[in-house]
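attaching a predicted model along with its sequence, questions to come.
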Amino acid sequence: MSYDRDIVIAGGGLNGPALALGLAQAGFTVTVVDPRPRSARAEDNFDGRGYALALASTRLLDAIGVWSRVKSDAQVMNEIKVTDGRAGEGPSPFFLHFERGALEEGPMGHMLEDRFLYRAFLAAMDEDDRITLITEDSVVDQEVDTAGVTATLASGKTIRARLLVGCDGRQSGVQRRAGITRTGWGYGQTALVCAIAHEKPHDGVAHQFFMPPGPLAILPLPGNISSIVWSETDETAARFQSLSDEDYLAALRPRFGDFLGEISLAGKRFTYPLNLTVADAFIADRVALVGDAAHGMHPIAGQGLNAGLRDVGALVQVLDEARRRGEDIGTEAVLERYQEWRRFDTQALIAATDLTNKLFSNDNPLLRLGRDLGLGLVNAIPPLRRGMIREAAGLTGELPALMR
């Protein structure tokens, strides 16, 4: 059989390019199909959107030649503080604090703006002749046979490959056409996202403040700017998003507090609904799912992209090892290794984020007492606290080679 490429990747967000670079480095030829125009992936304008990259994720980005391009634009997360309380009343006296220098391997993570990461991926793909990037087009059909898969694009172009990978998000067309079902539910919460400029330096400290309607994450960016992910009930979030900038800030201030001095908006405001959606299988004939196409979770621990990059590392390793053994990389026997590797880890992470959100997003006095005591207990027992730090940094479990 003849093939146009070894692998076709549907979706050009973050996981798609990361996977393409990892696969190309392993010697595969790859085509990435991205519905968005190239210019939309490399805008220079600051809009405040950022990602919390765990230490294991920065290792993977370094291994595929991306981290060196963005490291100077990233903000180290020196500390993480987790508190519980109500808006306007300040945090509970019980808290969880991950201190600076808690990991021998390096900082717990970095914050990096969306615009810098996309731009770095584009530049790295441009420099690798094993990668073809097709923009403003999308995979609209896939036909699988015993020897390969043919992906049909909206433009009418067809690409014959050994494997099709869906990196096309929570509404994955690749997953749906492969006959894979999904399980999930909504949280009745919406995330309000923006960037905030503040009077005082943040010193690289990230904050997670749990309130009855949902958590507020304050994540440090370079300079006196922080990225905000603020969860409220759907109704309240819609009302806040409709406010003027001045009234929006007035609603945020009692929740944000005054520990960083005066605050102001430093970019656009966004919202997105919060839900859980998991593919009931991560593979099908000649198909694998990665990132949100496989699992979309609550952003409560900032692990969405990190989990996707872990998928990337695992799939690259499985396919590389299979090819070295002379196996057909698209067969069920090969892809099942990827699914077995990622399913348990993903299910554990989803269960943890789901339970944490349900436990903390309420004002039940008994639950408040229990969770506050729990935070204080974990903070007071160094082995427990260290275990949570390593989990947050992505250093637990069986790590792919690209993350070691």
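Great, that's in hand.

which stretches in the protein count as helices?
15-25, 38-41, 55-63, 67-70, 114-126, 173-177, 234-241, 245-256, 304-324, 332-360, 365-380, 382-392 (DSSP state H).

ok and the first one relative to helix 304-324, angle-wise?
So the one you mean is helix 15-25. 30 degrees (axes from the mean of the first three to the mean of the last three C-alpha atoms, to 10 degrees).

chain center to helix 15-25: distance?
The chain centre lies 16 Å from the centre of helix 15-25; the measure is C-alpha atoms, centre = their mean, to the nearest Å.

and among the helices of the chain, the most buried is which?
Of all the helices of the chain, helix 15-25 has the most neighbours on average by mean count of other C-beta atoms under 10 Å, namely a mean of 27. Bear in mind the C-beta positions are built from the backbone N, C-alpha and C, glycine included.

what is that helix packed up against?
Contact here means 3 or more C-beta pairs under 8 Å, 6 or more residues apart in numbering; DSSP states H and E; on that basis helix 15-25 packs against strand 7-10, strand 30-34, helix 55-63, helix 114-126, strand 131-135, helix 304-324.

turn the helices of the chain into a markdown table, columns for mean pLDDT and distance to residue 7.
A markdown table is the format used below for those (pLDDT from 0 to 100; distance: least, C-beta to C-beta, whole Å):
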| stretch | mean pLDDT | distance to residue 7 |
| --- | --- | --- |
| helix 15-25 | 98 | 6 |
| helix 38-41 | 80 | 20 |
| helix 55-63 | 97 | 18 |
| helix 67-70 | 98 | 23 |
| helix 114-126 | 94 | 14 |
| helix 173-177 | 98 | 12 |
| helix 234-241 | 98 | 39 |
| helix 245-256 | 96 | 44 |
| helix 304-324 | 97 | 8 |
| helix 332-360 | 92 | 12 |
| helix 365-380 | 84 | 42 |
| helix 382-392 | 85 | 31 |
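
would you format these as JSON lines with distance to residue 166 included?
Below are these laid out as JSON lines (distance: least, C-beta to C-beta, whole Å):
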{"stretch": "helix 15-25", "distance to residue 166": "9"}
{"stretch": "helix 38-41", "distance to residue 166": "19"}
{"stretch": "helix 55-63", "distance to residue 166": "20"}
{"stretch": "helix 67-70", "distance to residue 166": "25"}
{"stretch": "helix 114-126", "distance to residue 166": "18"}
{"stretch": "helix 173-177", "distance to residue 166": "3"}
{"stretch": "helix 234-241", "distance to residue 166": "28"}
{"stretch": "helix 245-256", "distance to residue 166": "36"}
{"stretch": "helix 304-324", "distance to residue 166": "11"}
{"stretch": "helix 332-360", "distance to residue 166": "12"}
{"stretch": "helix 365-380", "distance to residue 166": "37"}
{"stretch": "helix 382-392", "distance to residue 166": "27"}
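
the closest residue to residue 117 other than its chain neighbours and residue 64, how far apart?
Closest residue to residue 117 apart from its sequence neighbours, by C-beta to C-beta, 6 or more residues apart in numbering: residue 70 at 6.1 Å. Counting by C-beta to C-beta, to the nearest Å, the gap from residue 70 to residue 64 is 12 Å.

for the residue of the chain positioned farthest from its centre, which non-adjacent residue is spatially closest?
Centroid-distance maximum for the chain: residue 1 at 36.9 Å, with C-alpha atoms, centre = their mean. In this structure, residue 1 finds its nearest non-sequential neighbour in residue 147, 4.5 Å apart by C-beta to C-beta, 6+ apart.
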